[in-house]
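Student: 3D model of this:
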Amino acid sequence: MFLARLLVNALALLAVFFLVWGIHGNDVLVAAIVMAVILALVNAFIRPIVILLTLPVSIVTFGVFTLFINAALFYLAAVVVNVHIDFWRGVLGWLVFAIISSALNQLAIVEG
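Tutor: Have a look, this model is predicted:
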């Protein structure tokens, strides 16, 4: 199950690299696979802590601040993998990634 979701996320990241202008790295395929692994680790370990620490701001903004948290974590993963990106391209990249990943997960019927 984990490997299927990782493959779907890597495919979604490949689509982001080709669709969003301004996001590029040296070796796109390797960068997508490594970034998918890093995103899985970030979402498993760092994201819950950040969400908990920023809970008051998220409540005041009715959850809109969570969008920026997700985009910042996407940007952090991109920087770790050495993908050249600015923050606002990271926001757009995360939105495209979320849409494509969700659609591919539904098509692949990845449960979890």
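Student: Can you give me the distance of Leu73 to Leu67?
Tutor: Leu73 sits 11 Å away from Leu67, going by CB to CB, to the nearest Å. Using the backbone N, CA and C atoms, a C-beta is placed for each residue, glycine as well.
Student: These two: which is more packed in?
Tutor: Leu73 (20 against 15; other CB atoms under 10 Å).
Student: which outside residues touch whichever strand or helix holds that one?
Tutor: Using DSSP states H and E, Leu73 maps to helix 64-81. Applying CB atoms under 8 Å, 6 or more residues apart in numbering, the external contacts of helix 64-81 come out as 23, 25, 31, 34-35, 38-39, 42-43, 46-47, 50-51, 54, 57-58, 85, 87, 90-91, 93-95, 97-98.
Student: immediately after that helix, which helix or strand?
Tutor: Assigned by DSSP H and E, the successor of helix 64-81 is helix 87-108.
Student: Any idea how far that next one is from the middle of the chain?
Tutor: Helix 87-108 sits 7 Å away from the centroid of its parent chain (CA atoms, centre = their mean, to the nearest Å).
Student: any idea how far Met1 is from the residue nearest in space to the middle of the chain?
Tutor: Nearest to the mean C-alpha position of the chain, counting by CA atoms, centre = their mean, stands Phe74 at 4.4 Å. Computed as CB to CB, the Phe74 to Met1 distance reads 22 Å.
Student: I appreciate the help and will end here.
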